[in-house]
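J.: can't give you the sequence, but here's the structure:
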């Protein structure tokens with residue numbers, strides 16, 4: 001197990017959960033991933049709670065903000081060198097700023113954006129908080145995936161903003177795009193499937209690694225969660241599950257080949 005100390009500009013570095021029930025969510029994820037909750041002891045932290053595995057930060061959760069009409073959901077963060085500059089680049093590329101760049105205490109600087117197809121994601125310019133301290137290990141963030149109504153526009157947008165490359169293949173009869181940064185593959189993308197309700201917007205979703213997705217799928221169901229896809233094999237290797245926690249927040253499980 002190697003502790004992460006930094007992320008490249010344009011690489012996913014963090015994920016947090018905004019939930020309708022922090023106590024229930026804490027119990028659920030502690031049970032399936034072994035995460036320990038460490039509330040941020042600051043008056044203005046708004047209930048933000050760091051989630052650790054073996055003493056290392058892997059994710060976080062917080063109650064939804066007052067007036068937030070959206071469902072419980074996971075949000076993913078792209079590491080950037082300059083949040084303000086990246087917001088400008090995203091807007092010039094056809095995206096929109098839902099929340100402009102702002103400081104988060106002394107932890108870092110963040111912004112929340114939507115791409116041209118409406119998929120929401122956040123930027124993170126690190127200061128004291130560098131991002132996840134553990135990735136690509138069981139119980140930690142291992143993949144991030146975009147489901148979108150416009151794959152071609154998304155390729156252009158993320159290429160313009162972050163310099164991502166896009167390689168599309170036809171695996172199992174479905175076109176799937178892998179985004180690359182330098183020599184590293186960092187995320188995936190697929191078109192919204194035909195059966196998905198039209199009112200579901202384009203979205204980003206995190207995957208957490210596991211050694212046994214089939215077993216974990218059973219535990220999720222027993223705890224009141226829902227299995228939305230899988231367990232199934234990934235063309236070329238690996239096995240995945242897409243699930244929702246009892247509050248409805250979607251996330252994935254992945255076992256590498």
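T.: That came through fine. Worth saying up front: this structure is predicted, and the values here are computed from it rather than measured. Numbering: from 1, shown residues only.
J.: Which helix or strand lies directly C-terminal to the lowest-mean-pLDDT helix or strand in the chain?
T.: When each helix and strand of the chain is scored by mean pLDDT, DSSP states H and E, strand 165-171 comes last, with a mean of 87. On the C-terminal side of strand 165-171, the nearest following helix or strand under DSSP states H and E is strand 174-181.
J.: Name every strand pairing with that following strand and say which way it goes.
T.: Sheet pairing for strand 174-181, assigned by DSSP bridges, gives strand 165-171 (antiparallel), strand 184-191 (antiparallel).
J.: quick one: buried residues of the last one?
T.: Applying a neighbour-count criterion of 16 or more other Cβ atoms under 10 Å, one finds 186-191 buried in strand 184-191. Backbone N, C-alpha and C define where each C-beta goes, glycine included.
J.: Next, the residues that contact the very next helix or strand once past that strand from outside, please.
T.: Downstream of strand 184-191, the first helix or strand assigned by DSSP H and E is strand 203-209. Residues outside strand 203-209 that contact it (Cβ atoms under 8 Å, 6 or more residues apart in numbering) are 15, 33, 59, 73-76, 119-121, 136-147, 240, 242, 250-256.
J.: And the strands paired with strand 174-181: which comes nearest residue 49?
T.: strand 184-191 (25.5 Å; Cβ to Cβ).
J.: which residues of the stretch 1-150 of the chain score low on pLDDT?
T.: 1-2, 42-43, 45-46 (pLDDT under 70).
J.: of all the strands paired with strand 174-181, which lies closest to residue 95?
T.: Nearest of these (Cβ to Cβ): strand 184-191, 15.4 Å.
J.: contacts for the closest one?
T.: In contact with strand 184-191 (Cβ under 8 Å, 6+ apart) are residues 8, 10-12, 143-149, 151, 154-155, 164, 166, 174-180.
J.: ok, of those, which come out buried?
T.: 10-12, 143-149, 151, 154-155, 164, 166, 176-177, 179.
J.: Pop out the phi and psi values for the nearest residue to residue 166 once chain neighbours are set aside.
T.: Leaving aside its sequence neighbours, residue 166 sits nearest to residue 155 (Cβ to Cβ, 6 or more residues apart in numbering; 4.3 Å). Note on residue 155: its backbone torsions stand at phi -60, psi -50 [degrees, to the nearest 10].
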